[in-house]
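1. compute the structure for the input listed below.
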Amino acid sequence: MACNNALNILKEKFELIKKNDENALNACIELKELLGIPSANKIEAFDNSHLFGTYSVSGMITFTLGLPDKNNYRKYKITCEHHDDFHVMKEVIYRRYFRVLMDDLEHPDLIIVDGGKAQITAATSVLNDLNLDIPVCGLVKNDKHRTSNILYNDKLYDIDKTSNLFHMLERIQDEVHNYTIRYHKNIRSKGALSSLLDDIPGIGEKRKKMLLKKYSSMNKMKEASIEDLKEILPDDIAYNLHEF
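-> The predicted model follows:
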């Protein structure tokens, strides 16, 4: 009886996996037909994050056949002077697809940006400069900050909220947003920690790097005892840091 129950559960699990794969593939077909593009099997999606123009970052995720392909996720620390979405998008698209050209990597069938016409224009202009013909669309959110429409070639496309396509796009939008936000929080935390360490006598660049490597956040450093800090700092500086 136990063996039969286990076998039935295993069969149900395989059926669920098969159904999820079929739904994901159907979503790719729906998207391809809706936009009138050759394929939507490989999608790369981008999102940007910053704090009042500081600690600007971008994240890129990849969906292959409608499912996350986490080995092909990428993070970008933005270096341009202008930290608005337009210039940030231009930088990250250039860096990504210049690398694709140089390393002869597989091109995506579709690029999705989390925004409207400005971000689509930024991405398209860079792709044109690189002589790459890759469709770019944007996901438009409603007043409740949820996926509502697709913007492609200056046309808004409605999405059936019960469709496989809607669920895939919503998952892509959530995935790229969360991935980028996690990276942004990490960068912001290290930046704040680095600035704080500048105020402590006896801690220069070398010791700062050692501390940032061992303690990745404020809370972790606050929890460290003087004895812990002495492992990488002289006694007096470890004491000063702990008191600070």
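
2. where do the strands sit along the chain?
-> For the chain, applying DSSP state E gives strands covering 42-51, 54-64, 67-68, 74-77, 110-113, 136-141, 147-152, 155-158.

3. among those, which is the most enclosed?
-> strand 110-113 (a mean of 26; mean count of other C-beta atoms under 10 Å). Heads up, the C-betas are built off the backbone N, CA and C, glycines and all.

4. can you redo the strands of the chain as JSON lines with distance to G204 and mean pLDDT?
-> Formatted as JSON lines, these follow (distance: least, C-beta to C-beta, whole Å; pLDDT from 0 to 100):
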{"stretch": "strand 42-51", "distance to G204": "26", "mean pLDDT": "86"}
{"stretch": "strand 54-64", "distance to G204": "23", "mean pLDDT": "85"}
{"stretch": "strand 67-68", "distance to G204": "42", "mean pLDDT": "92"}
{"stretch": "strand 74-77", "distance to G204": "23", "mean pLDDT": "89"}
{"stretch": "strand 110-113", "distance to G204": "41", "mean pLDDT": "96"}
{"stretch": "strand 136-141", "distance to G204": "45", "mean pLDDT": "89"}
{"stretch": "strand 147-152", "distance to G204": "48", "mean pLDDT": "86"}
{"stretch": "strand 155-158", "distance to G204": "55", "mean pLDDT": "90"}
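
5. and the ones you listed: which comes nearest F86?
-> For F86, the closest of those is strand 42-51, at 10.0 Å, according to C-beta to C-beta.

6. could you list every helix and strand in contact with that closest one?
-> Counting contacts by 3 or more C-beta pairs under 8 Å, 6 or more residues apart in numbering; DSSP states H and E, strand 42-51 packs against strand 54-64, helix 85-102, strand 110-113, helix 164-197.

7. deepest-packed of these, please.
-> strand 110-113 (a mean of 26).

8. adjacent strands (with direction) for that one?
-> Counting by DSSP bridges, the strands paired with strand 110-113 are strand 42-51 (parallel), strand 136-141 (parallel).
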